[in-house]
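> Sequence and predicted structure below; questions after.
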Amino acid sequence: MIHSLFLINSSGDIFLEKHWKSVVSRSVCDYFFEAQERATEAENVPPVIPTPHHYLLSVYRHKIFFVAVIQTEVPPLFVIEFLHRVVDTFQDYFGVCSEPVIKDNVVVVYEVLEEMLDNGFPLATESNILKELIKPPTILRTVVNTITGSTNVGDQLPTGQLSVVPWRRTGVKYTNNEAYFDVVEEIDAIIDKSGSTVTAEIQGVIDACVKLTGMPDLTLSFMNPRLLDDVSFHPCVRFKRWESERILSFIPPDGNFRLLAYHVSAQNLVAIPVYVKHSISFRDSSSLGRFEITVGPKQTMGKTIEGVIVTSQMPKGVLNMSLTPSQGTHTFDPVTKMLSWDVGKINPQKLPSLKGTMGLQVGASKPDENPTINLQFKIQQLAISGLKVNRLDMYGEKYKPFKGIKYMTKAGKFQVRT
Amino acid sequence: MSAAPAYSEDKGGSAGPGEPEYGHDPASGGIFSSDYKRHDDLKEMLDTNKDSLKLEAMKRIVAMIARGKNASDLFPAVVKNVACKNIEVKKLVYVYLVRYAEEQQDLALLSISTFQRGLKDPNQLIRASALRVLSSIRVPIIVPIMMLAIKEAASDMSPYVRKTAAHAIPKLYSLDSDQKDQLIEVIEKLLADKTTLVAGSVVMAFEEVCPERIDLIHKNYRKLCNLLIDVEEWGQVVIISMLTRYARTQFLSPTQNESLLEENPEKAFYGSEEDEAKGPGSEEAATAALPARKPYVMDPDHRLLLRNTKPLLQSRSAAVVMAVAQLYFHLAPKAEVGVIAKALVRLLRSHSEVQYVVLQNVATMSIKRRGMFEPYLKSFYIRSTDPTQIKILKLEVLTNLANETNIPTVLREFQTYIRSMDKDFVAATIQAIGRCATNIGRVRDTCLNGLVQLLSNRDELVVAESVVVIKKLLQMQPAQHGEIIKHLAKLTDNIQVPMARASILWLIGEYCEHVPKIAPDVLRKMAKSFTAEEDIVKLQVINLAAKLYLTNSKQTKLLTQYVLSLAKYDQNYDIRDRARFTRQLIVPSEQGGALSRHAKKLFLAPKPAPILESSFKDRDHFQLGSLSHLLNAKATGYQELPDWPEEAPDPSVRNVEVPEWTKCSNREKRKEKEKPFYSDSEGESGPTESADSEPESESESESKSSSGSGSGESSSESDNEEEDEEKGGGSESEQSEEEDEKKKKTKKKKASEGHREGSSSEEGSDSSSSSESEVTSESEEEQVEPASWRKKTPPGSKSAPVAKEISLLDLEDFTPPSVQPVSPPMVVSTSLAADLEGLTLTDSSLVPSLLSPVSSIGRQELLHRVAGEGLSVDYAFSRQPFSGDPHMVSLHIYFSNNSETPIKGLHVGTPKLPAGISIQEFPEIESLAPGESTTTVMGINFCDSTQAANFQLCTQTRQFYVSIQPPVGELMAPVFMSENEFKKEQGKLTGMNEITEKLTLPDTCRSDHMVVQKVTATANLGRVPCGTSDEYRFAGRTLTSGSLVLLTLDARAAGAAQLTVNSEKMVIGTMLVKDVIQALTQ
């Protein structure tokens, strides 16, 4: 299956390589560099590149290319999914996944990779198990290890590997037993020029942070489970129970994990919490264009919209922009032509706006395309789909855990066409 | 990491305080000498006794390896530390070894003995890691050692070690492929492993070593299907894709004879294209073959696979979802494929690489099954932030999905896309518009107008692409578009893109009659700029000149000759050739004008319009989701997806329990039987670790949960069956396995024996798992004509051995399961062991109760062959839940034709039924040849009464009035509950609802076995575990109203007994008491 893995940074240096079978020369990456050059942008590098003797499958995350080398037929998603899992694991171990961090922890990285694959076939990918095999580095542990000479390699086989709940490590103990659930919904929408919705759907996830002693068996029920159109579960969720009763019943992994991802379909009417008024115009005669954007709340269920950021890719013909925002700060990068306006909170009494002129290339004809406006925002304590958790119960353990549920709505891929 | 201070203390500062951290590039020091020095001190560190120094050194070395620096000269120093006690040092040494052993084979051999010792270690972790490293060292000399180690590990007690052994198989195979035969043996052994941990890895090994040995899968097929949901995600992907291939070789295509399926109306919706693609010929052939062939009924194993994979569409892993999606696409009947669309659309939210792969597959699927993705059209709308490659794939899907109804919306979207800043994407959009226009005639003019407007676009690329597409569209109906051609002709002055210029020239040449004035002028301009043109344009200029010369030689003769002579001296030989060839053709020469006479025909022949096709067409001959599909080329090691077989191979090969199960004519019946057997209830918490950890507690907990949650549900029966199966597989420990064989043989004989005696039932309740009862019915089935087999059997010849075997059997059946040692293996964690202790106590009483009789009542006559004019019909209560309606009693109807002529059109005529009773008729039997017999299933809702159901049995010519009166015991289905629940329920049903009767048990009927057998034979009840030895409890629910029927038999001394029935339905209770007493006292 997976022969080798190369980590390549954005400037084209291979800063880590790992082989699970015979060594594959790093010159194989030349094919990758070629493709990268052709693609011009990092995200346009094809995920699968055939070379005469190998196939290169890559993912691009955190400005690092993770390039897997394979030799024989294998489902491409198998490899891609695995690479993403590797990135997630690094993130879980080190907090961030970046080139300096990986370089600093190269031994741990190597040990983790060694455990994740055997002969190119995934062996242990659950972070609960990996963390028992190889302890994540912390400052305290580094100090302790230096003094006592102990290591950060676990000497016991993680029992989880053998049990029926491979995702949970055994012997978990906490003095404060807590279980937090975050219901986070993202609105993906395309709004057309006139302000009407072309498509809108809600993608939601329930991320959990469970710190409970022993082997708790949790059930989570919703007030309105019918809302969920399509769901995908963490392997711990009992599918049958969901099918028959629409209740999530599970023995959770220890720590942070994504319990559920769901989708509320486009068929349901999606409330769009913001609107954007825009007037962007170029004139043929003059080298100046007018630019004006106003953002306002709409269907927010009485909640404030925070963290609003407006970005827009301006046409190539735009040289500079002189704009004045009524609130927040704005920047325009004349090289990438990216306009970004950090609005902050929206005050319904005084709507934020950004007005001004655009300087166009003199002599060039006016750009015939209008920029699209991308919007980011956050609304606390609201799940826009109306999903509500009914109750959380725990069985199997005696103590009373502290439970908490938080709701949040965010913009996903929220786009306004102009 | 920061062991540096400690280290410098030890070394007395010899390395200096300025010692850079290991994280720095050793080569960054600059010169080679320092590099060597550095290695020297690494060697020194490795030679000390201090673990911390060794660790530090190893960490630096590993960091070097990670950066691709050569550290091979340290090999001798490192390999010495392979036996180091410090576990982290050891691990890092392993990393080093695996990396460099191939280069330094001789030195690597030094480490082998350490691993061999490790293989014998009592700690499974050490055994596993020793095997892992040993097998990863690619040194050919140690192949025999590896082989031995793998064989040993394959029968290790720890599943983790067995998993490692499975991983080692492909490693050894890649090292020395001569070992294949021996490795296949190991694979075969590991395939039989029952733990989920091993399943994925061994299938992986199977795929790498011997994917062609599909026969190894047969026996493990059902097990794999059932384990699937509990296997880890990576294993699931591998198993699913292997099973897809397996199913393609073993089952019949679900799309053949589709017209007979119930899903008929939907089929037209989803798959009309494919039918067309198949061509009328094959369709006709299929219908012609129909009368001869039985209607297609999906093999139950095929169904099992589909059912068990479906929940995995909800997996968080994109790879698993894709694997299931491709399985459904390749294996499921058309009507069922739709379920995968939603899951695939969900994946579009994932990382862009995942989107890329998924969209490729969706593009292929959407060509074949457009209807599937139509509801999700909007999910494929393109955002300006999508990467270009994703945009283009989405566009492909949108184009595939466009049809008459949604084309306006799609085109409106396309209009937005054309204004995008991403020019590659705009070009792709124009192509897409062209394809929509060719596919959907209604919008062709709209599209064409839109494209013509684009010709005035400022971007040359856009214009060029439009010209190319317009050219293709015009070819379809050139006559009406003279205006457009004129417009295009004007563009030649501005457009520089060669492809577009060439397209325009070709158009003008082809339709020069429509633009007689402009064409020569264009040629004039082109002749002027001829030398500066691109090759592709030059060729078209020659073409244009030739065509004009033929149609309008007066005006263009000179121009043509000029162009041809220019071309004659062109640098490109292709153009020179073309010029010469054209000249010979069109200019009449002195000798041989034969060709030039036909020049007009040659040049101006009507040309068929091009068909704009998706590049994803026909990609589905590659297995979807595979690398080969993505690349549209066969990747190394790709296993071709085989075509469906014409005739299904023998399905009995998959049958593990009953080796002699060969008769496959009655598939329908088998399906009926197996459904509950593999019921997918409890799917996610199924028994997984049965071999190693806690078989008893597993099933115990399950029975608890099902009796808890499933009470009051009509589905409870399927739960029971499931448990039967689990018991059969899990807790009936291996020690009885060798006896199983024997048992099975006797069962069969015993079944027929039971027949002879005319008793209505014979299956013991205790250990008759459903598989065994299948044998019973199977043998019944073989004896189609009850009258004739009597004669065939030589009287007395078999009776003696049979009798003996029965007693042998009884002994086995009586062995209380509690005797079976439940010794938790050493490896089980303490918590699990603790669980076990609590569970073994209750287990003893539970086991027998879980095994319910499945089919007990023999066949009864519905229509005698004399009365039926040769048609004889029998029926039997199958005691299976009826699939259509849980309130119905399921009956097996056996038809056999004893007449000389075929009986046609057997069906149920309009029944006249008492109130409440309803019948689910069996599907019409088209024809029954003389001497042939067949079986179908029908369901009757008796409405909890013993009234007879009267109905007509019609053939094409005759009608027979028949009636079925159910014994009261068949009106219920068993319920499983605990003793406490039983008592609680019983407490609620006292007074009027309780019927008590005293009786005396005859001597023959005092053993537990006989009592249980007789009661369960009389009534379809499930046994309830019971603390005291001489009390028997049974529970069931009536089928229609679902009211409980509780039966208690209290046996006392000397055969005195008291029978109590508690039921809301007093009539049923009374009748049941009567029947049971009759059965017991006879």
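Arrived safely, thanks for sending.
> can you give me the helices in the stretch 151-300 of chain B?
Across the stretch 151-300 of chain B, reading from the start of the chain, the helices by DSSP state H, counting those that start in this stretch fall at B:159-175, B:180-191, B:196-209, B:221-227, B:233-250, B:264-289, B:300-309.
> any idea how the chain splits into domains?
Let's take chain A. A:1-146, A:176-268+A:381-414, A:273-378 (the TED database).
> You answered for a different chain; I wanted chain B.
For chain B, the TED database gives the domain ranges B:39-229, B:230-255+B:299-332+B:621-651, B:482-604, B:855-966, B:971-1081.
> the longest strand in chain B is where?
Of all segments of type strand in chain B, defined using DSSP state E, the longest is strand B:871-881.
> After it, which helix or strand is next?
Past strand B:871-881, further along toward the C-terminus, the next helix or strand under DSSP states H and E is strand B:889-897.
> So which helix or strand of the chain has the lowest pLDDT on average?
Because you didn't say which chain, this covers chain A. The helix or strand of chain A with the poorest confidence is helix A:139-148; it has a mean of 61 (mean pLDDT, DSSP states H and E).
> not quite, I wanted chain B
Averaged element by element with mean pLDDT, DSSP H and E, chain B has its least confident helix or strand at helix B:830-850 (a mean of 38).
> which non-adjacent residue is nearest the spatially most central residue of chain B?
What sits nearest the mean C-alpha location of chain B, by C-alpha atoms, centre = their mean, is B:Leu327, with 4.3 Å. On the basis of C-beta to C-beta, 6 or more residues apart in numbering or on different chains, the spatially nearest residue to B:Leu327 that is not a chain neighbour turns out to be B:Thr244, at 4.8 Å. All C-beta spots, glycine's among them, are computed from the backbone N, C-alpha and C.
> thinking the one you found is in contact with B:Phe329, fair?
No - taking C-beta atoms under 8 Å as the contact criterion, B:Thr244 and B:Phe329 are not neighbours in contact, 9.3 Å apart.
> Looking at the stretch 501-650 of chain B, which residue is nearest chain A?
The stretch 501-650 of chain B approaches chain A most closely through B:Gly637 (3.3 Å), counting by C-beta to the nearest C-beta.
> What residues does the residue lying closest to that residue once chain neighbours are set aside make contact with?
Ranked by C-beta to C-beta, 6+ apart and with sequence neighbours excluded, the top spatial neighbour of B:Gly637 is A:Thr72, at 3.3 Å. For A:Thr72, the residues meeting the contact criterion (C-beta atoms under 8 Å, 6 or more residues apart in numbering or on different chains) are A:Met1, B:Glu208, B:Ala635, B:Thr636, B:Gly637.
> sec struct for A:Thr72, please.
With DSSP: H, G, I helix; E, B strand; the rest coil as the basis, A:Thr72 sits in coil.
> Show the low-confidence segments of the stretch 201-350 of chain B, by residue range.
Across the stretch 201-350 of chain B, the stretches falling below the confidence threshold (pLDDT under 70) are B:256-295.
> Which residues of it lie near chain A?
Remark: the part of the stretch 201-350 of chain B in contact with chain A comprises B:201, B:204, B:208, B:229-230, B:232-234, B:237, B:241, B:311, B:314-319, B:321-323, B:342-343, B:345-346, B:349, using C-beta under 8 Å from any C-beta of the partner chain.
> can you rerun that using 7 Å?
For the stretch 201-350 of chain B, the residues found near chain A under the criterion C-beta under 7 Å from any C-beta of the partner chain are B:201, B:204, B:232, B:234, B:237, B:241, B:311, B:314-319, B:322-323, B:342-343, B:346, B:349.
> Any of these buried? List them.
By the neighbour-count criterion of 16 or more other C-beta atoms under 10 Å in any protein chain shown, those include these buried positions: B:201, B:204, B:232, B:234, B:237, B:241, B:311, B:314-319, B:322-323, B:342-343, B:346, B:349.
> so where is the chain shaky, pLDDT-wise?
In the absence of a named chain, this looks at chain A. Low-confidence regions of chain A, defined by pLDDT under 70, span residues A:138-164, A:265-268, A:284-286, A:363-366, A:368.
> meant chain B, my bad for not saying
Scanning chain B for pLDDT under 70 picks out the ranges B:1-38, B:256-295, B:478-480, B:588-596, B:657-858, B:884, B:910-912, B:914, B:1027, B:1029.
> what's the burial count for the closest residue to A:Ile346 other than its chain neighbours?
The shortest distance from A:Ile346 to any residue that is not its chain neighbour, by C-beta to C-beta, 6+ apart, is 4.5 Å, and that residue is A:Ile305. Other residues within reach of A:Ile305 by the criterion other C-beta atoms under 10 Å in any protein chain shown amount to 25.
> try B:Val497
The burial count for B:Val497: 17, using other C-beta under 10 Å.
> Setting the sequence-adjacent residues aside, check what's closest to it.
For B:Val497, ignoring the flanking residues on the chain, the nearest one in space by C-beta to C-beta, 6+ apart is B:Ala464 at 3.5 Å.
> Helix or strand for the one you found, just tell me which one.
Taking DSSP H and E as the criterion, the element that holds B:Ala464 is helix B:460-474.
> what comes up buried for that helix?
Neighbour counts over helix B:460-474 (16+ other C-beta under 10 Å) mark B:462-474 as buried.
> same check, this time on stretch B:614-623
With the criterion 16+ other C-beta under 10 Å, stretch B:614-623 contains buried residues B:Ser614, B:Phe616, B:Arg619, B:Asp620, B:Phe622, B:Gln623.
> Other residues contacting that stretch?
Residues external to stretch B:614-623 that are found in contact with it (C-beta atoms under 7 Å, 6 or more residues apart in numbering or on different chains): B:244, B:326, B:330, B:363-364, B:367-368, B:396, B:400, B:628-629, B:632, B:641.
> buried subset of those residues?
Neighbour-count burial (16+ other C-beta under 10 Å) applied to those gives B:Thr244, B:Gln326, B:His330, B:Ala363, B:Thr364, B:Ile367, B:Lys368, B:Glu396, B:Asn400, B:Ser628, B:His629, B:Leu641.
> Surely the fifth one is within a strand?
Going back to what we said before, that points to B:Thr364. No - B:Thr364 sits outside any strand when classified using three-state DSSP, being helix.
> and it, what does it touch?
The neighbourhood of B:Thr364, defined by C-beta under 7 Å, 6+ apart, consists of B:Phe616, B:Arg619, B:Asp620, B:Leu624, B:His629.
> for those residues, which one is nearest A:Lys240?
A:Lys240 has its nearest neighbour among those in B:Leu624, at 27.8 Å by C-beta to C-beta.
> Which residue comes closest to that closest one once chain neighbours are left out?
With C-beta to C-beta, 6+ apart as the measure, B:Gln326 is the residue that lies nearest to B:Leu624, at 3.8 Å, once sequence neighbours are left out.
> tell me which element the one you found is part of?
Counting by DSSP H and E, the element that carries B:Gln326 is helix B:318-331.
> Check which helices and strands that helix sits against.
Secondary structure elements in contact with helix B:318-331, counted by 3 or more C-beta pairs under 7 Å, 6 or more residues apart in numbering or on different chains; DSSP states H and E, are helix A:76-94, helix B:233-250, helix B:300-309, helix B:334-337, helix B:339-347, helix B:352-368.
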